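Asks: got a predicted structure plus its sequence, pasted below:
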Amino acid sequence: MTQTELSPIQMKCFVDWLQIPVGECPPHHYRLLGLRLFEPDLDIIQAAVEKRQMYVQQIATAEDQSAASALQNHLAIVRNVLLDATKKVRYDEWLWSELKNATSDTPVSTIRVQPAAPTTNQASPSPKGEIPISRNAVDRGIDAD
């Protein structure tokens, strides 16, 4: 997979706040939450989302509110996908196909979410200040209901 250039907001959220290495950004949902790949336990997923959300609330300063809000919104989308059985299956199938297409020497944690061509089910581009990530992984028919 190709390296994706990070926006300043992505850099702040993923690298500075969540300590995800640049080479692993933007992260897939499981990496974002610090979970093992394809985590099946919904309680563990919910706890990981809540932990990330509380952490962002604690570290965000007044001037960071735009980035914090964007990350909180993204975490809510991730929660929505991973805690809904149908959406999780679709996301996991998509991620699995990405993993199969990666070279054998590519560490799983470095599988990055890449933007896809817009479809009718996808939201319009993110307003300034939001994290413009994982539109294909989040929406990929997953959030179409």
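Replies: Arrived safely.
Asks: okay, CA-based contacts and neighbour counts for the rest of this
Replies: OK.
Asks: low-confidence ranges, this protein, go.
Replies: 1-4, 103-145 (pLDDT under 70).
Asks: do that again at 90, thanks
Replies: 1-8, 23-24, 26, 59-64, 66, 98-145 (pLDDT under 90).
Asks: which residues in it form helices?
Replies: All helices of the chain, identified by DSSP state H, fall at 8-10, 29-33, 42-59, 65-82, 85-101, 135-139.
Asks: dump those helices into a markdown table; add mean neighbour count and distance to L18 as well.
Replies: A markdown table is the format used below for the helices of the chain (neighbours: other Cα atoms under 10 Å; distance: least, Cα to Cα, whole Å):
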| stretch | mean neighbour count | distance to L18 |
| --- | --- | --- |
| helix 8-10 | 18 | 10 |
| helix 29-33 | 21 | 8 |
| helix 42-59 | 15 | 8 |
| helix 65-82 | 20 | 10 |
| helix 85-101 | 16 | 21 |
| helix 135-139 | 22 | 20 |
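Asks: redo the ones you listed as CSV? Include distance to Q19.
Replies: Output for the helices of the chain, formatted as CSV (distance: least, Cα to Cα, whole Å):
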stretch, distance to Q19
helix 8-10, 12
helix 29-33, 10
helix 42-59, 12
helix 65-82, 14
helix 85-101, 22
helix 135-139, 22
